[in-house]
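[1] I would like the atomic coordinates for the input below:
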Amino acid sequence: MDILNKALDLIQSELGDDIFTDEKRELFERKFRFDHGGDRHYIASANAMAVTQKHQEVRRLIRQGLGNTAISERIGITRQQVWNIRQGMTSSTLP
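    Prediction:
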């Protein structure tokens, strides 16, 4: 979590989920990171955000019991990348 996520959490709690919905938050975050991220050490880039989302999806599919080949074909990454993500999972995130 970086400073932008902390700021967005605060904004969302102040405005409420009905005004600053998760969908609006994600759109705003993606645009902000694209425009301002990457060149600042305290704001991750839009690319870093996309990688994080891909890793979350891989972990979700692992918990569903899919193998590395099936996950790599579904997500569009190599089996080695899936294996690396699997190896990084802690016992609390394993199926």
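
[2] which stretches of the chain form helices?
    Here the chain has its helices, by DSSP state H, at 3-15, 22-36, 46-63, 68-75, 79-88.

[3] for these, give me CSV that also has mean pLDDT.
    Output for the helices of the chain, formatted as CSV (pLDDT from 0 to 100):
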stretch, mean pLDDT
helix 3-15, 88
helix 22-36, 85
helix 46-63, 86
helix 68-75, 94
helix 79-88, 91
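
[4] got those as JSON lines, with mean neighbour count columns?
    For glycine as for every other residue, the C-beta is placed from the backbone atoms N, C-alpha and C. Shown next, in JSON lines, are the helices of the chain (neighbours: other CB atoms under 10 Å):
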{"stretch": "helix 3-15", "mean neighbour count": "13"}
{"stretch": "helix 22-36", "mean neighbour count": "13"}
{"stretch": "helix 46-63", "mean neighbour count": "15"}
{"stretch": "helix 68-75", "mean neighbour count": "16"}
{"stretch": "helix 79-88", "mean neighbour count": "14"}
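
[5] centre-most residue in this protein?
    For the chain, residue 53 is the residue whose C-alpha lies nearest the centre (CA atoms, centre = their mean; 2.8 Å).
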